[in-house]
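Engineer: Any chance you could fold what I've pasted below:
(2 chains)
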Amino acid sequence: MTALISWGMCLVLLPVMYALNANEAKFKKNIVVGVTFPRAGREDGEVLRLLKGFKRAQLIVCLGLAALAILFAALFWPGINFCLLFLWIDLLILGEFVCTARWNGKLKAVKKARGWAVPAVRTASVTAAAEPAKRVSVWWFVAAAVVAVIPAVFDRELWMLYVLDGAMALACWPGAKYLYRNRAEAVDENDAVTAALTRVRRRAWDRVWVLCAWAMAAVSVGVWVSEALPPAGGGAVILLAEALALGLCAAAVAMEFRVRHIQEKLTAASGQGFYVDEDDKWLWGQLYFDPNDSQTIINARTGVNSTVNLARPAGKALMVFALALLLAMPVMGLFIDAMCQAPLPLRVADGVLLAESWGKDYALPMDEIADAELIDELPKGMTRVIGTGADSILKGKFSTPWGSATLCLDPREGPWLKLTMADGALYLLGGGQTGSARQIYQQIQ
Amino acid sequence: MLLKLDFSSDQPIYMQIRNQMVLAVARGELRPGERLPTIRALAEECGINMMTANRAYQQLRQEGYIVTDRRLGTVVASVKDTAGPRPETVEALRLHLGELRLSGVGLDEALALCRKLYEEGTK
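Structural biologist: So this is what the prediction gives:
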């Protein structure tokens, strides 16, 4: 089931990716698939033909990846499911990159053939740079962080989660401030359009970060309320909080489309006379490389996003780190797969019951166990609050019909141990083929 | 006002900024009293070192095209009509007129060209 949900989410991601990439085929700021064209380029038959081809190629890449995802999900290799999932994400990024790079090259060739390639000059709007940049107030982030941390006062057990959420909400502020380059969105010599484009982008960028900060706060409050409410209600609140966080993420994607749309509309009449053309600085239309630019953080050419200048040492380091992370993902997937497949043995040593699992072991003193029960069926409606939830392992804090419980079990095969500690804490342990739950139960009895 | 900087040119970047700002003031694209970006903002906008931006402003300030006010920041100066041409400007004009003469341009033609360029700057 977990595998199906994961692959299902990947399939949901594909149309969004396709829409974002296919949108590159629309002229925004005179740029299309990373190539700047004069006004005449918008009516050029060859350019229009290539743009159609680009959209078709994007569709083919997405359909191919969808087929691959369905194949992987249908065959379902439990031992390497997460490895395949992460490999698929790498293939998605690579496929989109190669496809865009290929069509970028073709469009550049047309541009050169038509004599539209111009020598590179750096443009800078003095008028826009003189305008004081109105940025989002830090208090939006502080408020989100406070809301995220408040539950820690009432729920000491999960304080680390709430504090982490608060820290991440607060970290959105330096993200908004420093991952954005204060540069005018100059397209041509029209100062009014430049000012409007700059304002729209800056505002959208700040709003995306505010949304992220409040998504963190929503998750934090959701977890807390779910802990406080009865199990059925608690599960619903968690789902609601996750839906809210997802909704906020969707709003961030919608913001990207909105900014692109505004860029398209505001620059619809541009491209006559002088127009900004920085194609020489963008490798394959996607990677910025300009040794003469002192800035490391660079605004993406269209939309709201930021990227890095690969000619700067910090830019290179960040890119290498991102690439290493992408390449390491399938390997990390193998570790997760191994964790999910590992047995969850229970044993007693020196009067302590040990539930061993990858990453975290649970140690329960036998003399503190107030009540023990052997159950053959897990209750319905268990919702994960924090931890791991896969087909072969449930580990961490869960909301159950008996209240909040700590789980470390294999849900595929019982029996399981239900332990109530002297302090009232509830544990569900065991399961799987080890059969150790029954032996431990007899030992406790 | 849009600066166009050519990093492959032999002319230093600070001088390109200075020249284009002077032309913008002459054309009226930058009006007296108009606020200019801070050195940091100009450097970030152009993707250049702050020292380079500072040098361009220093040059413009020395020549009287801009002034720095504690309250308003850096603004375009009100150029006095009676100030007369600076000796460096006269020397530069002398050189350019010499180049025109050597390239076979007659006096009338050179004056017509000067008039055209002068009027472009006052539009």
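Engineer: burial of the residue nearest to A:G431 when sequence neighbours are not counted, as a residue count?
Structural biologist: In this structure, A:G431 finds its nearest non-sequential neighbour in A:D410, 3.8 Å apart by CB to CB, 6 or more residues apart in numbering or on different chains. Bear in mind the C-beta positions are built from the backbone N, C-alpha and C, glycine included. Other residues near A:D410 come to 26 when the count uses other CB atoms under 10 Å in any protein chain shown.
Engineer: Wait, a strand at A:A129?
Structural biologist: No - the assignment for A:A129 by DSSP: H, G, I helix; E, B strand; the rest coil gives helix, which leaves it out of any strand.
Engineer: any weak-confidence spans in the chain?
Structural biologist: If you meant another chain, say so; for now it's chain A. Applying pLDDT under 70 to chain A flags residues A:1-3, A:76-78, A:229-238, A:359, A:433-435.
Engineer: Not quite, go with chain B.
Structural biologist: For chain B, the ranges with pLDDT under 70 are B:79-83, B:121-123.
Engineer: where exactly do the strands run in it?
Structural biologist: Here chain B has its strands, by DSSP state E, at B:2-5, B:66-69, B:73-76.
Engineer: Give me the buried positions along stretch A:360-377.
Structural biologist: Counting neighbours by 16 or more other CB atoms under 10 Å in any protein chain shown, one finds that the buried residues in stretch A:360-377 are A:362, A:364, A:369, A:372, A:374-375.
Engineer: Let me know which of the strands of chain B is the nearest to B:G28.
Structural biologist: strand B:73-76 (10.3 Å; CB to CB).
Engineer: Pull the residues that contact the closest one.
Structural biologist: B:25, B:30-39, B:57, B:65-69 (CB atoms under 8 Å, 6 or more residues apart in numbering or on different chains).
Engineer: In helices, which of the residues you listed fall?
Structural biologist: Taking DSSP state H, the ones among the contacts of strand B:73-76 that sit in helices are B:25, B:39, B:57.
Engineer: May I have the secondary structure class of the residue lying closest to A:S392 once chain neighbours are set aside?
Structural biologist: Distances taken as CB to CB, 6+ apart put A:C340 closest to A:S392, at 4.9 Å, once the chain neighbours are dropped. On the three-state scheme (three-state DSSP), A:C340 is labelled helix.
Engineer: what about residue 46, neighbour count?
Structural biologist: Reading this off chain A. The burial count for A:E46: 14, using other CB under 10 Å.
Engineer: Hmm, no, I was thinking of chain B.
Structural biologist: Counted with other CB under 10 Å, B:C46 comes out at 28.
Engineer: Relative to chain A, how far out is it?
Structural biologist: Between B:C46 and chain A the distance is 4 Å, computed by CB to the nearest CB, to the nearest Å.
Engineer: quick revisit: turn the strands of chain B into CSV, columns for mean neighbour count and distance to A:T307.
Structural biologist: What follows is the strands of chain B, written out as CSV (neighbours: other CB atoms under 10 Å in any protein chain shown; distance: least, CB to CB, whole Å):
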stretch, mean neighbour count, distance to A:T307
strand B:2-5, 19, 21
strand B:66-69, 16, 34
strand B:73-76, 18, 31
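Engineer: follow-up on the earlier one: most neighbours out of the ones in helices among the contacts of strand B:73-76, which is it?
Structural biologist: Sorting the ones in helices among the contacts of strand B:73-76 by how many neighbours each has (other CB under 10 Å) puts B:Y57 first, at 23 neighbours.
Engineer: need the contact list for that residue.
Structural biologist: So B:Y57 contacts B:36, B:39, B:42, B:66, B:68, B:74 (CB under 8 Å, 6+ apart).
Engineer: and if we set it to 7 Å?
Structural biologist: By CB atoms under 7 Å, 6 or more residues apart in numbering or on different chains, the residues touching B:Y57 are B:39, B:66, B:74.
Engineer: Pick out whichever of these sits closest to A:A245.
Structural biologist: Nearest to A:A245 among these is B:I39, at 41.7 Å by CB to CB.
Engineer: Next to chain A in this structure, residues from chain B, please.
Structural biologist: B:1-7, B:35-37, B:41-42, B:44-49 (CB under 7 Å from any CB of the partner chain).
Engineer: returning to what we had before: where's the residue nearest to A:S392 relative to A:W88, distance?
Structural biologist: Distance, A:C340 to A:W88, using CB to CB, to the nearest Å: 17 Å.
Engineer: Not counting its own residues, what contacts stretch A:145-153?
Structural biologist: Applying CB under 7 Å, 6+ apart, the set of residues contacting stretch A:145-153 is A:159, A:162-163, A:165-166, A:169-170, A:216-217, A:220-221, A:224.
Engineer: Make JSON lines out of those residues and add secondary structure.
Structural biologist: Shown next, in JSON lines, are the contacts of stretch A:145-153 (three-state DSSP):
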{"residue": "A:W159", "secondary structure": "helix"}
{"residue": "A:Y162", "secondary structure": "helix"}
{"residue": "A:V163", "secondary structure": "helix"}
{"residue": "A:D165", "secondary structure": "helix"}
{"residue": "A:G166", "secondary structure": "helix"}
{"residue": "A:A169", "secondary structure": "helix"}
{"residue": "A:L170", "secondary structure": "helix"}
{"residue": "A:M216", "secondary structure": "helix"}
{"residue": "A:A217", "secondary structure": "helix"}
{"residue": "A:S220", "secondary structure": "helix"}
{"residue": "A:V221", "secondary structure": "helix"}
{"residue": "A:W224", "secondary structure": "helix"}
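Engineer: I'd like the strands of chain B as a markdown table, with distance to A:L419 appended.
Structural biologist: As requested, the strands of chain B are arranged in a markdown table below (distance: least, CB to CB, whole Å):
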| stretch | distance to A:L419 |
| --- | --- |
| strand B:2-5 | 71 |
| strand B:66-69 | 74 |
| strand B:73-76 | 69 |
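Engineer: Now do the contacts for A:A22.
Structural biologist: Contacts of A:A22 (CB under 7 Å, 6+ apart): A:55, A:58.
Engineer: Quickly find the element holding it.
Structural biologist: For A:A22, the enclosing helix or strand under DSSP states H and E is helix A:2-22.
Engineer: Spell out the residue ranges of the helices in chain B.
Structural biologist: Going by DSSP H, chain B shows helices at B:13-27, B:39-46, B:50-62, B:87-102, B:107-122.
Engineer: Just list what the first one packs against, helices and strands only.
Structural biologist: Under the contact definition 3 or more CB pairs under 7 Å, 6 or more residues apart in numbering or on different chains; DSSP states H and E, helix B:13-27 sits against strand B:2-5, helix B:50-62, helix B:107-122.
Engineer: quick one: contacts of the longest one?
Structural biologist: Under the criterion CB under 7 Å, 6+ apart, residues B:23, B:26-27, B:97, B:100 lie in contact with helix B:107-122.
Engineer: got a list of what residue 4 touches?
Structural biologist: As the question left the chain open, I've gone with chain A. Contacts of A:L4 (CB under 7 Å, 6+ apart): A:A73.
Engineer: please go with chain B instead
Structural biologist: B:K4 touches A:121, A:123, counting by CB under 7 Å, 6+ apart.
Engineer: Centre-most residue in chain B?
Structural biologist: Taking CA atoms, centre = their mean, the centroid of chain B lies closest to B:V22, which sits 2.2 Å from it.
Engineer: which stretch of helix or strand covers A:E373?
Structural biologist: Here A:E373 is assigned to strand A:369-375, by DSSP H and E.
Engineer: need the next SSE after that strand, C-terminal direction.
Structural biologist: Criterion used, DSSP H and E; the element after strand A:369-375 is strand A:383-389.
Engineer: pull the CA atoms of that next one into PDB?
Structural biologist: Only the C-alpha atoms of strand A:383-389 are listed here, as PDB (Å, rounded to 0.1, in the frame of the first residue of the first chain):
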ATOM      1  CA  THR A 383      -2.700   7.200  12.200                       C
ATOM      2  CA  ARG A 384       0.900   8.100  12.200                       C
ATOM      3  CA  VAL A 385       1.800  11.200  14.100                       C
ATOM      4  CA  ILE A 386       5.600  11.000  13.700                       C
ATOM      5  CA  GLY A 387       7.800   8.200  12.500                       C
ATOM      6  CA  THR A 388       7.900   5.500   9.800                       C
ATOM      7  CA  GLY A 389       4.800   4.000   8.200                       C
END
